[in-house]
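Chemist: Next input, structure requested:
(2 chains)
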Amino acid sequence: MDECFIHTTILALVSFQLIHTATSTKARAGILSTEHGDVLTPIFMPVGTLGTVKKLQQYELSEEIQADIILGNTYHLYLRPGMDLMERSGGLHKFINWDRPILTDSGGYQVYSLGDRRKITEEGVTFASHIDGSKHHFTPESVMDIQRVIGADVIMAFDECTPYPCDENYARMSMHMTHRWLERCFDQYAKRNSIHGHRQILAPIVQGSVYPSLRKQSAEYITRKESDVYAIGGLSVGEPHEDMYAMTDLCTSILPESKARYLMGVGTPMNLLECIDRGIDMFDCVLPTRNARHGLLYTNNGIINIKNSKWKADFSQLDETGAHRVDRFYSKAYVRHLFSVGESLGQQIASLHNIAFYLRLMREARAHILDDTFSSWKKDKLVQLAIRL
RNA sequence: GGGGGUGCGCCGGAGUUGGAGAGCCGGGCCAGACUGUAAAUCUGGUGUUUCGACUGAAUAGGUUCGAAUCCUAUCACCCCCA
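Modeler: Now for the predicted structure:
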């Protein structure tokens, strides 16, 4: 199948094009097109909350490990550097000098993670800033306006990411509120055009905690909204993996086949393969970068805690089959040394390594989807990924 | 050479009026956790043990019902004088 031909033909009309669906699995390969470039799916999107994928430079992401798209965060960028600077700089792409696609989270995750610093009402959410305690009011409308100024290619609806556990009555009430907020998001989105001159895709989000009937209801609800990206939120917040997989499976069975599905905040390499298998196209997660800073490296041979004393005098390459040249350029013993003495180069190497690992994992998954060998490949891969070295 | 002071657990610090030390703070070390980033963070462990206990306040003695604390000697380090 000639992806380039399909892509160039369709580009003007739609933003997401499904290239291939495998036969024995729900796994798909596709292309999400934006005015800042194409994203081949399945894709992992490195998280760059504050306008930086922590420890990595933009040219490393774009030129060395071929990251197609990164994330930013509405709440965090709104607080610092603030909307005035964001507007004067010409938007996040220009501010950070990244000319590829960007997706911004709406701050819905902060409704969850800053649970003790915010108050939710029908109107919106008031946050007490985690920096100085100052009060900031977010509404579906203001969050749309902020994301217009930031200027990401994909912007997220404002939602409440519910915690786990979450009783069914609260989950239902919250889901309905998120649905009402979704209407307000789309209304505001329709009222204003892009500030920086490129198209922005507004992605609605499924909620409903771990309750199948709510998830079904929510997936059906958001499907009525026109978009190229449909997201699943409120998962990977502490629920058992089986619940996460079951909810994902349920949602992808309802969301439009021809549109991209984005599972927010997931996850481990194993989670990614399991969820690709259940029909997910897009992922983001802080795990590869945070774990890298904390010394945990994902490799083809298994998971390494590079801080462990067992690597003290192991002068073998960091990862002989690694996806980036740093994996062969430095030894395990050296990277462990950098962590031991608190030199940030260790975190930079580890971050580059982990993101390269995730991105290659997605490219491999895509290749195996395209030649219909995903299921058998995944089975073998899961065994490797579970090993703890 | 004389005088004074201080000595504890991997390291540093605090604490000690003769009344129960495996005890406090920091560091190091050893592990673990982390999922739309309040995170280069957080949590736990760090004498031996057969899990009942045992040993333990520089070293060796002594006084005492009881000593990290008082006494003697020795050793080490610090300060002052010569």
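
Chemist: CA atoms for contacts and neighbours, from now on please.
Modeler: OK.

Chemist: mind listing the helices for the stretch 151-300 of chain A?
Modeler: Taking DSSP state H, counting those that start in this stretch as the criterion, the stretch 151-300 of chain A contains helices spanning A:168-191, A:212-223, A:241-252, A:269-276, A:287-293.

Chemist: Now whatever residue of the stretch 51-200 of chain A ends up closest to RNA strand B. Nearest residue, chain neighbours left out?
Modeler: Taking Cα to the nearest atom of the strand as the measure, the point where the stretch 51-200 of chain A comes nearest RNA strand B is residue A:161, at 2.9 Å. For residue A:161, the nearest residue in space outside its immediate sequence neighbours is residue A:234; the separation is 4.7 Å by Cα to Cα, 6 or more residues apart in numbering.

Chemist: Same check on residue A:118?
Modeler: Once its chain neighbours are removed from consideration, residue A:118 has its nearest residue in residue A:127; the separation is 4.3 Å (Cα to Cα, 6+ apart).

Chemist: show me what contacts the residue most central in space within chain A?
Modeler: Centroid check for chain A by Cα atoms, centre = their mean gives residue A:284 as the closest residue, at 1.8 Å. Contacts were defined as Cα atoms under 8 Å, 6 or more residues apart in numbering; by that measure residue A:284 touches A:44-47, A:71, A:263-267.

Chemist: quick one on the thing from earlier: dump the residue contacts of the residue of the stretch 51-200 of chain A closest to RNA strand B.
Modeler: Going by Cα under 8 Å, 6+ apart, residue A:161 touches A:108-109, A:111-112, A:207, A:233-234.

Chemist: quick check, residue A:382 in a helix?
Modeler: Yes - looking at residue A:382 with DSSP: H, G, I helix; E, B strand; the rest coil, it is inside a helix.

Chemist: Can you tell me the number of residues neighbouring it?
Modeler: Residue neighbour count, defined by other Cα atoms under 10 Å, stands at 15 for residue A:382.

Chemist: what's near enough to touch it?
Modeler: With contacts defined as Cα under 8 Å, 6+ apart, the neighbours of residue A:382 are A:270, A:273.

Chemist: Please report how far it lies from RNA strand B.
Modeler: Remark: distance between residue A:382 and RNA strand B (Cα to the nearest atom of the strand, to the nearest Å) = 14 Å.

Chemist: ok, so what distance separates that residue from residue A:259?
Modeler: When Cα to Cα, to the nearest Å is applied, the distance between residue A:382 and residue A:259 equals 27 Å.

Chemist: Residues of the stretch 101-250 of chain A that sit close to RNA strand B?
Modeler: The interface of the stretch 101-250 of chain A toward RNA strand B, taken as Cα under 7 Å from any atom of the strand, is made up of A:105-110, A:112-114, A:116-117, A:130-131, A:156-162, A:205, A:233-238, A:241.

Chemist: Is residue A:46 in a helix, a strand, or coil?
Modeler: Under three-state DSSP, residue A:46 falls in the strand class.

Chemist: same deal with residue A:40?
Modeler: Three-state secondary structure (criterion: three-state DSSP) places residue A:40 in strand.

Chemist: That one pairs with what?
Modeler: residue A:31 (DSSP bridges).

Chemist: That one against residue A:31, yeah?
Modeler: Yes - with contacts counted by Cα atoms under 8 Å, residue A:40 reaches residue A:31, the gap being 4.6 Å.

Chemist: Show me what the mean pLDDT comes to for stretch A:157-174.
Modeler: Averaged across stretch A:157-174, the pLDDT comes to 98.

Chemist: Show me how far that stretch is from its chain's centre.
Modeler: Its chain's C-alpha centre and that of stretch A:157-174 lie 20 Å apart, by Cα atoms, centre = their mean, to the nearest Å.

Chemist: Just the buried positions in it, please.
Modeler: Residues of stretch A:157-174 classed as buried under the neighbour-count rule (16 or more other Cα atoms under 10 Å) are A:157-164, A:171-172, A:174.
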